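Asker: Next input, structure requested:
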Amino acid sequence: EEEEFDEEMDDFFKQYRLQRLKQMQEQAKKTANLPTFGGIFYGVTSNEYVQFIDGEGPDTFVVIHLYEDYLPECVRLNFRLEELARQYNQVKFAAVVTSDLDDTMGTEHLPILIVYRAKEVVDSAGRVDLQIGEEMPKNKLEDLLRQLGVRLTSATMMSE
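Answerer: Below you'll find the model as predicted:
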């Protein structure tokens, strides 16, 4: 009876491993077909904003940083996002000057990150500096992006 149980468990684990391998192969295939970017896009205007997001496929994450260049915390976040954009080149990053999009929007919530995927808002975070710290540690920014739903991927390595 114990041998039967062991055989059933072996069969179960074999089937599980095959199913998991198939899932991983499908994910790798999707990731391999994603476009690559490798930097932050600056100067996206209000006229270009929607197309900038909607022009990507359903599996591409688009991360928008709403900022003002005279706020030190926004400048620091742009610096960190530049690093991440080079490392995770299958994520499309942009830094957009808030007053260029909407001159009535105040600065009290900046810096703001907005995550899009498949033309829809996935999540957002305001006052990023207060959430992860003034120095914007790279690892905490990566954690925040993951919490916001971003799959950080690169054409040269699989991150997740």
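Asker: which helix in this structure runs the most residues?
Answerer: The longest helix of the chain (DSSP state H) is helix 2-32.
Asker: any idea of the mean pLDDT in it?
Answerer: Averaging pLDDT along helix 2-32 gives 74.
Asker: Can you name the next helix or strand after that helix?
Answerer: Counting by DSSP states H and E, the next helix or strand C-terminal to helix 2-32 is strand 40-42.
Asker: partners of that next one, with directions?
Answerer: According to DSSP bridges, strand 40-42 has the following sheet partners: strand 92-97 (parallel).
Asker: What are the buried residues along the helix or strand harbouring Asn47?
Answerer: Element membership of Asn47 [criterion: DSSP H and E] is helix 46-54. Within helix 46-54, the residues that count as buried by 16 or more other CB atoms under 10 Å are 52-53. For the C-beta atoms, the positions are set from N, CA and C on the backbone; glycine is no exception.
Asker: Also compute the angle for that helix relative to strand 92-97, please.
Answerer: When axes from the mean of the first three to the mean of the last three CA atoms, to 10 degrees is applied, the directions of helix 46-54 and strand 92-97 differ by 160 degrees.
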